[in-house]
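Q: turn this into a structure:
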Amino acid sequence: MNPLLVGGIAFGAALLGAMSGGSTSLITTPAWMALGAPFPTAVAADKLAATLWTASASRSYLRGLPVDRALLAGMSLTGLVGAAIGAVVATSVDERLLRRTAGALILAAILWSLRRARPPASPGPAMGRGLAAALALPLGLYEGLLGSGNAVFTSLLLQRARHWDLIRALGHYYALAAVWCGLAAAIYFARGAFDWGLAIPATVGALIGATVGARLGRLGGSRVVRPLFVAAGVFLSLRLLLGS
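A: This is a model prediction of the structure:
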């Protein structure tokens, strides 16, 4: 594989993904497969790249904002259990069925977030950290299995449950994703699915692209990120539903 081509694809995908909260793997995984990588190897490269670029994006989005470290700790731990299970069983799941199911759920979540319901007089109490940690188990499992659109699920959950804006929610999701993807990448590596000739340029390109994209998104704020977030979610869901 041409490392410049791989790095360029990863750069563009992570640039757009970090700005919008959209999926990079929806672009990169098919690209690596088109270049000759088997599906597990393509996913493994994306998990390694995501481990680093999501950490960089989280730092950019959360700069100057309060970080709920207790929430991150609880969700990280339970999500790790799910990520481990997802990475182990990924090769035994019908990928097409998984993608279509994920596409339907993502589209439903996006449409629900756009509804024009009357805002309540009081937002009510925030979700407890224990319940949030419990919900991280299926989120982590999905991250280990596929991961496409998990930013949509997790950030919408954090916005509604913790009363955060999109910028803060995305920053916390990216911190969680760095942990979950790191474990998933290690499991793929242990199972012999790594091709370093693909993984290294993909990681370098994604890290640079995400660093630039997250800074642009942070500067633009929710006014810029939210339309991109919605557009990326709709595109992602339709691509998953209609793709082969």
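Q: spell out the residue ranges of the helices in this protein.
A: Using DSSP state H, the helices of the chain run over residues 3-20, 25-34, 39-62, 69-89, 95-113, 129-145, 150-162, 166-190, 196-220, 222-242.
Q: mean neighbour count, these: which tops it?
A: helix 39-62 (a mean of 25; mean count of other C-beta atoms under 10 Å). (C-beta placed from N, C-alpha, C; glycine too.)
Q: which pLDDT value goes with the residue lying closest to residue 158 once chain neighbours are set aside?
A: Of all residues not flanking residue 158 in the chain, residue 169 sits nearest, at 4.0 Å (C-beta to C-beta, 6 or more residues apart in numbering). Residue 169 is assigned 92 on the pLDDT scale.
Q: list the residues that contact residue 169.
A: 154-156, 158-159, 162 (C-beta atoms under 8 Å, 6 or more residues apart in numbering).
Q: now the residues you listed in TSV, with pLDDT?
A: Putting the contacts of residue 169 into TSV (pLDDT from 0 to 100) gives the following:
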residue	pLDDT
154	89
155	88
156	84
158	90
159	87
162	86
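Q: tell me which of those is nearest to residue 55?
A: Residue 55 lies nearest to residue 154 out of those, by C-beta to C-beta, at 15.4 Å.
Q: looking at the chain, which helix or strand does the model trust least?
A: Every helix and strand in the chain was compared by mean pLDDT, DSSP states H and E; the lowest is helix 95-113, with a mean of 68.
Q: ok, back up a step: need the contacts of residue 169 in TSV with distance to residue 200, can you?
A: Supplementary listing: the contacts of residue 169 in TSV, determined by distance: C-beta to C-beta, whole Å:
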residue	distance to residue 200
154	28
155	29
156	33
158	32
159	35
162	36
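Q: which of those lies closest to residue 72?
A: Taking C-beta to C-beta as the measure, residue 72 sits nearest to residue 158 out of these, at 10.7 Å.
Q: which residues are in contact with the closest one?
A: Taking C-beta under 8 Å, 6+ apart, we find residue 158 in contact with 132, 164, 168-169, 172-173.
Q: from the residues you listed, which is closest to residue 59?
A: residue 172 (11.8 Å).
Q: can you tell me, leaving aside adjacent residues, what's nearest to the closest one?
A: Nearest to residue 172 is residue 158, by C-beta to C-beta, 6+ apart, at 5.8 Å.
Q: that older thread, of the contacts of residue 158, closest to residue 49?
A: The closest of those, once distances to residue 49 are taken by C-beta to C-beta, is residue 173, at 16.5 Å.
Q: surely that closest one touches residue 147?
A: No. Assessed by C-beta atoms under 8 Å, residue 173 is found out of contact with residue 147, at 11.5 Å.
Q: residue 161 against residue 127, yeah?
A: Yes. Between residue 161 and residue 127 there is a contact at 3.5 Å, judged by C-beta under 8 Å.
Q: hey, what's in contact with both of residue 173 and residue 147?
A: If you check residue 173 and residue 147 against C-beta under 8 Å, 6+ apart, no residue is contacted by both.
Q: tell me the contacts of residue 20?
A: 217, 225, 228-229, 231-232.
Q: can you rerun that using 10 Å?
A: Contact analysis of residue 20 by C-beta atoms under 10 Å, 6 or more residues apart in numbering lists 151, 170, 213, 217, 224-233, 235-236.
Q: next one: residue 75
A: 68, 129, 132-137, 139-140, 154, 157-158, 172-173, 175-176, 179-180.
Q: setting the sequence-adjacent residues aside, check what's closest to it.
A: Closest residue to residue 75 apart from its sequence neighbours, by C-beta to C-beta, 6+ apart: residue 136 at 3.8 Å.
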